[in-house]
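Student: Starting from these lines, generate the structure:
(one chain, ligands or ions: 1)
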Amino acid sequence: MYNAKPNFSDDYQESRAKFLAAMSKRGEVISIRHPKKGPDGQDLYLDFGIIGPDDARGALILISGTHGPEIFAGSGPQAALLNSGLINDYADLRVILVHAHNPYGCAWLRRTDHNNIDLNRNYYDFSKPFIPHPGYDVLRPVMVPTEWDSVALGKGLADYEAQHGKVGLLAAMVTGQSHDPDGMFFRGEGPAWSHIQMKDVLPKLTKTQDIVSVIDFHTGLGPYGVPYMVHGYEPGSSEFIAFKKAYEGEVRSTMDPADIDEDLPGSPEGPIVLGMKALLPGKQSYAVVIEYGTVPPEQVFGTLMHDNWMHAHGTPGTDEWNAVKQNVREVFYPREDKWKDMIWERAVWAVERSAKLARGEF
Ligand SMILES: [Zn+2]
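Tutor: Got it, this is the predicted structure:
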């Protein structure tokens with residue numbers, strides 16, 4: 001089996017260098033500079049790698065770094081796909097590799113962008129009214145405290161869970177909100193910088209394709225080492241049925257109540273995968289998230305809240321700051337060889353199936 005491990009990276013700059021080196025023999029790259037700098041003062045870019053014929057019927061789009069610290073589980077497979085030569089199996093498709101969808105978050109190891117916008121809540125029709133989960137404001141003092149106190153956080157979340165159950169707690173936290181810009185899972189008040197770039201570039205790159213099949217790479221939900229596929233299409237829709245066939249049933253929908261549990265606590269509004277319809281109108285799109293489990297949800301969300309607190313009250317480069325960032329990295333990217341092998345193995349499986357959807361085989 002191909003050893004994919006050297007394609008993985010420990011920071012954004014390393015992952016971008018590997019991506020550009022792997023792309024140099026394969027195709028064109030469009031790089032869009034982000035308005036902010038990284039923690040090392042270097043420029044940040046959203047990169048689009050373009051491979052394959054522009055008149056292909058189908059396009060396959062693989063996205064890394066929608067949530068900053070989750071980039072490594074996506075950029076590793078992106079580079080490995082190119083360096084292993086596996087990309088040649090998809091020579092009949094237009095393949096677009098979106099590297100560091102959220103460049104600021106990738107470089108700063110932050111889930112959100114430079115305006116604290118969670119991109120996976122931002123692909124939303126902002127002309128529509130949005131009703132936040134009523135539990136968000138109840139939990140707000142616990143999730144966004146003035147003083148950091150992990151014991152008080154644990155107690156606050158446990159109290160809410162005792163009343164509403166674990167799925168209720170997770171849903172209240174993660175559904176998204178638009179009224180608390182310094183808070184958690186903030187959707188923004190309009191399209192974010194990355195959203196605007198995607199809306200500008202992706203239609204130009206897929207002008208002649210009828211079908212677009214998308215995988216957005218994530219980590220941090222579900223049990224350690226157990227990857228799973230999630231989409232947001234309604235049960236009974238043609239996309240729902242096609243996904244069941246393509247993924248041999250190993251796929252869940254946030255719109256299917258039977259699939260909701262503590263690993264999939266609800267249906268966030270505005271995920272990138274559902275945004276594809278609006279980004280690429282008139283095309284048949286199939287968009288799915290691959291999630292790789294890491295640590296229990298309490299640890300994942302506690303770490304995100306600590307990171308949010310640090311960005312509001314801390315100073316970059318201090319020991320306290322670096323310790324939180326180290327934690328964020330470990331929670332979303334367990335740097336173990338076994339985990340990297342598992343990521344690659346499942347990515348190969350997922351890409352193969354999504355390519356079939358791009359070819360219109362289902
Ligand atoms: Zn994510």
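Student: All the helices of the protein, in order from the start?
Tutor: 12-24, 72-83, 103-108, 135-143, 150-174, 193-205, 238-246, 272-279, 297-313, 319-332, 337-358 (DSSP state H).
Student: deepest of those, which one?
Tutor: Most buried of the helices of the chain by mean neighbour count (mean count of other Cβ atoms under 10 Å) is helix 103-108; its value is a mean of 28. In short, each C-beta sits where N, CA and C put it, glycine included.
Student: Worst mean pLDDT across the helices and strands of the protein, which element?
Tutor: Per-element confidence for the chain was summarised using mean pLDDT, DSSP states H and E. The lowest value among helices and strands belongs to strand 227-231, with a mean of 89.
Student: export it as PDB, just CAs?
Tutor: Taking Å, rounded to 0.1, in the frame of the first residue of the first chain, the C-alpha atoms of strand 227-231 are listed here in PDB:
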ATOM      1  CA  PRO A 227     -14.600   8.100   9.700                       C
ATOM      2  CA  TYR A 228     -18.100   8.700   8.500                       C
ATOM      3  CA  MET A 229     -19.800  10.500   5.600                       C
ATOM      4  CA  VAL A 230     -22.500  13.100   6.200                       C
ATOM      5  CA  HIS A 231     -24.700  15.100   3.800                       C
END
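Student: Now do the phi/psi pair for T254.
Tutor: Backbone torsions for T254, taken as degrees, to the nearest 10, come to phi -70, psi -10.
Student: ok, it - contacts?
Tutor: The neighbourhood of T254, defined by Cβ atoms under 8 Å, 6 or more residues apart in numbering, consists of V230, H231, G232, I260, L264, G266, S267, P268.
Student: Tell me the pLDDT of it.
Tutor: The pLDDT attached to T254 in the predicted structure is 90.
Student: In space, what's closest to L46 - neighbours in sequence excluded?
Tutor: What sits nearest to L46 in space, not counting adjacent residues and going by Cβ to Cβ, 6 or more residues apart in numbering, is I32, at 4.8 Å.
Student: That neighbour contacts Q197, doesn't it?
Tutor: Yes: using Cβ atoms under 8 Å as the test, I32 is close enough to Q197 to be in contact (5.2 Å).
Student: Show me the common contact partners of those two, please.
Tutor: L46.
Student: need the contact list for the residue in the stretch 201-350 of the chain positioned nearest to the ion.
Tutor: Each residue of the stretch 201-350 of the chain has a distance to the ion, by Cβ to the ion, and the smallest belongs to H218, at 3.4 Å. Remark: with contacts taken as Cβ under 8 Å, 6+ apart, H218 is in contact with T66, H67, E70, A73, G74, N120, V289, I290, E291, Y292.
Student: which one is L280 nearest to, not counting chain neighbours?
Tutor: Spatial nearest neighbour of L280, excluding adjacent residues (Cβ to Cβ, 6+ apart): V212 at 5.5 Å.
Student: Contact partners for that neighbour?
Tutor: Contacts of V212 were listed using Cβ under 8 Å, 6+ apart, and they are G58, A59, I61, T206, M276, L280, K283, Q284, S285, Y286, A287, A358.
Student: now M276
Tutor: Taking Cβ under 8 Å, 6+ apart as the contact definition, M276 lies against V212, V214, S285, A287.
Student: ditto for K356
Tutor: A246, F362.
Student: What score does it have for pLDDT?
Tutor: According to the prediction, K356 has pLDDT 98.
Student: near the ion, which residues of the stretch 1-150 of the chain?
Tutor: For the stretch 1-150 of the chain, the contact set with the ion under Cβ under 5 Å from the ion comprises H67, E70.
Student: Looking at the stretch 1-150 of the chain, what residue ends up closest to the ion?
Tutor: Among residues of the stretch 1-150 of the chain, the one nearest the ion by Cβ to the ion turns out to be H67. It sits 3.6 Å away.
Student: Export only the CA atoms of stretch 254-263, formatted as PDB.
Tutor: Provided in PDB are the C-alpha atoms of stretch 254-263 (Å, rounded to 0.1, in the frame of the first residue of the first chain):
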ATOM      1  CA  THR A 254     -28.500  15.600   8.900                       C
ATOM      2  CA  MET A 255     -32.100  15.700   7.600                       C
ATOM      3  CA  ASP A 256     -32.900  12.100   8.500                       C
ATOM      4  CA  PRO A 257     -34.100  12.000  12.200                       C
ATOM      5  CA  ALA A 258     -33.000   8.300  12.300                       C
ATOM      6  CA  ASP A 259     -29.400   9.400  11.800                       C
ATOM      7  CA  ILE A 260     -29.300  12.000  14.600                       C
ATOM      8  CA  ASP A 261     -27.300  11.100  17.700                       C
ATOM      9  CA  GLU A 262     -24.400  12.500  19.700                       C
ATOM     10  CA  ASP A 263     -22.000  12.000  16.900                       C
END
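Student: Could you give the separation of it from the chain centroid?
Tutor: 18 Å (Cα atoms, centre = their mean, to the nearest Å).
Student: Flag every buried residue along that stretch.
Tutor: When burial is assessed from 16 or more other Cβ atoms under 10 Å, stretch 254-263 yields the following buried residues: T254, M255, D256, D259, I260, D263.
Student: Repeat that for stretch 116-131.
Tutor: The neighbour-count criterion (16+ other Cβ under 10 Å) identifies N116, I117, D118, L119, N120, R121, N122, Y123, Y124, F130 as the buried residues of stretch 116-131.
Student: Model confidence for the residue nearest to the first one when sequence neighbours are not counted, exactly?
Tutor: Across the structure, with Cβ to Cβ, 6+ apart as the measure, the residue nearest N116 apart from its sequence neighbours is F186 (5.3 Å). According to the prediction, F186 has pLDDT 96.
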